[in-house]
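Student: Return atomic coordinates for the entry below.
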Amino acid sequence: MNKITLSTPVGGTQPRNGTSGRADSARKDSSVAGDVVSTRDALSLTSTAQQLARAVEVQRDVPEVDSARVEQLKAAIQSGSYSISAERIARRMVALEKI
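Tutor: As a prediction, this is how the structure comes out:
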């Protein structure tokens, strides 16, 4: 399993007395304020999470509207060759209700 570890600060602070289980694994900054020590949390991503992140990035680049398909439909409607199948619409509506 591939993991990426980020060192960017993610979280806030940990109690100085170590009552939190995460305090042992957290790196402490040099600044101490009262009874609280600033910490940095580490984030590791599994290969599945990495694949999901890549998929999200790819999806962002895809336009929400398929302009070519819109033009095809406009042309078919204007020429009168676009036909509407009530049966096909009904089947798809029923399929949506099953989801």
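Student: Ile77 falls within a helix, correct?
Tutor: Yes: Ile77 sits within a helix when classified using DSSP: H, G, I helix; E, B strand; the rest coil.
Student: Count the neighbours of it for me.
Tutor: Applying other Cβ atoms under 10 Å, we find 10 residues neighbouring Ile77. Using the backbone N, CA and C atoms, a C-beta is placed for each residue, glycine as well.
Student: just Ala42 next, same as before
Tutor: 13.
Student: By average pLDDT, which secondary structure element in this protein comes out worst?
Tutor: Ranking every helix and strand in the chain by mean pLDDT, DSSP states H and E puts strand 27-33 at the bottom, with a mean of 49.
Student: quick one: Gln59 from Ala53, how far?
Tutor: Distance, Gln59 to Ala53, by Cβ to Cβ, to the nearest Å: 11 Å.
Student: Looking at these two, which is more packed in?
Tutor: Shown here are Gln59 and Ala53; by other Cβ under 10 Å, Ala53 has more neighbours (12 against 8).
Student: Model confidence at the closest residue to that one other than its chain neighbours, what's the number?
Tutor: Spatial nearest neighbour of Ala53, chain neighbours left out: Leu45 (7.2 Å); criterion: Cβ to Cβ, 6 or more residues apart in numbering. Note on Leu45: pLDDT of 80.
Student: Show the backbone phi and psi for Leu45.
Tutor: Main-chain torsions, Leu45, degrees, to the nearest 10: phi -110, psi 130.
Student: number of nearby residues for it?
Tutor: 16.
Student: Would you map the strands across the protein?
Tutor: 4-6, 13-15, 27-33, 36-40, 43-45 (DSSP state E).
Student: so where's the longest helix in the protein?
Tutor: Longest helix of the chain, by residue count under DSSP state H: helix 47-61.
Student: what residues go with each domain of the protein?
Tutor: In terms of domains, the chain is parsed into 1-62, 66-99 (source: automatic domain parsing).
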